[in-house]
Every structure is written in structure tokens, then in C-alpha cells.
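*Asks:* Below are the sequence and a predicted model; questions follow.
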Amino acid sequence: MIRPPARIFTAVLSGVRRLVGWRLLNHKEDRRPVVFMLVFVLYQFLVFALVDRPLLAFALIAIPYSLLHIALMNVMHFATHGALFRYRSLELAFSFVCSLALGFTRSCFRFDHLAHHRHYLNPEKDSNRHIETGACRRQRYALRHLLTVYPRSWRMARQASPRARFEYRVELVVLLLVIAALLATKPSVATAVFIIPMAYNIFAVYYWSHYQHADLDTTDPLTASRTYEGKVFNWITFNVGYHAAHHYRPGVHWSKLPELHASLRNRIPKELILDSVPWFSSSYPDR
């Protein structure tokens, strides 16, 4: 007997939830982001496999992706600061799944993002420094990083350990091989379902993050970031809005950031705590 699609999806989701049980994870709270990522990538492959019209495939991916990509990206973001899984093999496999949805390999994002954490109080050394001025600076910042993040992270990898260089190469080659296989199978649909979302995510990550540090050159970590306190936004994005707290103690698990933010809130200037995300503006409140 053939199961209805809804029952199949429910069975797969149940299996995914059992797969990422707390015994495999360092923190039981990570079940939600891990399941979220796995289900979304499964959805991508279902669209790729079942839909033959590129425009329809693009619509089926673009609508949820435009709403959820920040949450998806922050699964990889917090995995960069601390392993989600207890076993390295599972961590690497999961990171590759993230790459299919996000366009960043694990090593690429890790090198670039951790360099930002080391140097964000020193704009001259920060790989994510904000050098654009004038009109459309936010868009130009995001485009610059879209085009340079892989060359920049590769230069960092070349200065790292042989193992790190090897992992960087392997992750990139495997991702490119999988993309090539998808393109060879259904080129237009693969472009709509995987390639365009990857490029969009890399651009959008830097576009969205621009507001977090722009115009805040300072040596105080509590005045070098903008924080967004919206509860719905932070629930969806795994508390990434508590950005000053995250930079203050980047090793703190994402589930603990609201508590850390509460302990620091009186030390953060009020104008750096926002009620809404400035999605389109390139002008932000000064500190």
C-alpha cells in the first residue's frame, strides 16, 4: 500500500527527530536547529526531484527561503562557535548538509567569521570591516563579500595548519562535485533550487549583518554591536539578535544568550538596542 505524501513526510520527520536525539548532541536545545536544517534540505531535494519546471521550483524554494534563511544561516553560525554533535564525523556530515542550503562550506565560514570575532574591535584587521560610504553602502558591502569571501577565507586557510588546509580543500571539492552532479541531472531546476539560494544567502548574510557593527568603531564590546530584542525574531533565528552579548562571550551557547543579555542590558547604550531590524536603511543610530 502506498502511503500518502503527508504520511511519508511525517514518518521522515519522525525519523530525523530520533536521529538527532540528545545522545548525539552536546546540548539537547540543539535538536530544534538541527531538525530545522535537515528538514529544509530534505525539502530542497524533494522539490528538485519532483518538480521539472524551473520557475515553479524557484517559487517553491524562494518563498520559504527568503523568510527562513537567517535562521538557517545561524545553525551554521552557532556550530562554528561550538560543535553541535558529540561525534566529529556527524559534525562534518551535518556541516556539509548546511553547505548545500547556504553556499558556505564549514571551513570558509569558520575562517572568515572567527577572524571577525578576533578583530571586530580593530577595523583595520577585521575581515568584515565596513569601508563603504555613501549611497547603497550596505548593498555594496554585501556584494563585495559575496565576491571575495572564498578567496579571503582561502588566504586564511593557507596560513593555518596542514589539516585545516586539507579540510578546506576537501569540503570545497565535495560541495562542487555535488553541485556539478545536480546541474548535470537537471541544470535549470538545480540552479533554481540550490545555486540561486546559495548566492542569495551569502549576499543576504552580509547585507543583514551590516547593521550590527557599521559606524561603531570602538574598543568596548558592549558598544561595538547593535542588539535586536524582538522575541519572535530571536526565537526563529536562535537568539542571534542578542549580538552584543554574543560578542561579549562568543562561547556561550545560543540558548543562554537571553539570560546573558539581561545581565548586560544596563551596560549597553539604549540607542544600540533596537526594536526592529533596519532591513533597508543604510543609516543607523549613532552610539
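*Replies:* Received the coordinates, thanks. Residues are numbered from 1 along each chain as shown.

*Asks:* least trustworthy helix or strand in the chain by mean pLDDT?
*Replies:* Sorting the helices and strands of the chain by mean pLDDT, DSSP states H and E puts helix 5-19 at the bottom, at a mean of 64.

*Asks:* Could you point out the helix or strand that follows it?
*Replies:* helix 31-50 (DSSP states H and E).

*Asks:* what helices or strands is that next one leaning on?
*Replies:* The contact analysis (3 or more Cβ pairs under 8 Å, 6 or more residues apart in numbering; DSSP states H and E) places helix 31-50 against helix 5-19, helix 54-81, helix 88-102. The way it works is simple: take the backbone N, C-alpha and C, and place the C-beta from them, glycine included.

*Asks:* Swap in 10 Å and give it another go.
*Replies:* Judged by 3 or more Cβ pairs under 10 Å, 6 or more residues apart in numbering; DSSP states H and E, helix 31-50 is in contact with helix 5-19, helix 54-81, helix 88-102, helix 162-185, helix 187-190.

*Asks:* That one - what's its average pLDDT?
*Replies:* Mean pLDDT, computed over helix 31-50, is 96.

*Asks:* Check the offset of stretch 264-274 from the chain's centre.
*Replies:* 25 Å (Cα atoms, centre = their mean, to the nearest Å).

*Asks:* Which residues does it contact?
*Replies:* In this structure, residues lying in contact with stretch 264-274 by Cβ atoms under 10 Å, 6 or more residues apart in numbering are 211-212, 216, 220-230, 241-245, 248-249, 261, 284-287.

*Asks:* cool, stretch 40-56 as well?
*Replies:* 5, 8-9, 12-13, 16, 57-61, 64-65, 68-69, 71-72, 75, 96-102, 182, 185-194, 197.

*Asks:* in that stretch, what's buried?
*Replies:* Within stretch 40-56, the residues that count as buried by 16 or more other Cβ atoms under 10 Å are 40-41, 43-44, 46-48, 51, 54.

*Asks:* Mind telling me which residue is nearest the centre of this structure?
*Replies:* For the chain, the residue nearest the mean C-alpha position is residue 73 (1.9 Å; Cα atoms, centre = their mean).

*Asks:* show me the residues around that one that make contact.
*Replies:* By Cβ under 10 Å, 6+ apart, the contact set of residue 73 is 98, 101-104, 109, 201-202, 204-205, 208-209, 237-238, 240.

*Asks:* quick one: it from residue 244, how far?
*Replies:* Distance, residue 73 to residue 244, using Cβ to Cβ, to the nearest Å: 19 Å.

*Asks:* what does residue 123 give?
*Replies:* From residue 123 to residue 244 the distance is 17 Å (Cβ to Cβ).

*Asks:* Which one's more surrounded, those two?
*Replies:* Counted by other Cβ atoms under 10 Å, residue 123 and residue 244 do not tie: residue 244 has more neighbours, with 26 against 16.

*Asks:* That one: which element?
*Replies:* helix 243-248.

*Asks:* helix or strand right after that helix?
*Replies:* Next along from helix 243-248, by DSSP H and E: helix 257-264.

*Asks:* how far off helix 54-81 does that next one point, in degrees?
*Replies:* Angle of helix 257-264 versus helix 54-81, following axes from the mean of the first three to the mean of the last three Cα atoms, to 10 degrees, is 60 degrees.

*Asks:* Poorly predicted segments of this protein, please.
*Replies:* Applying pLDDT under 70 to the chain picks out residues 1-6, 8-9, 11-22, 278-287.

*Asks:* now with 90?
*Replies:* 1-24, 118-138, 208-221, 224-225, 230, 271, 274-287 (pLDDT under 90).
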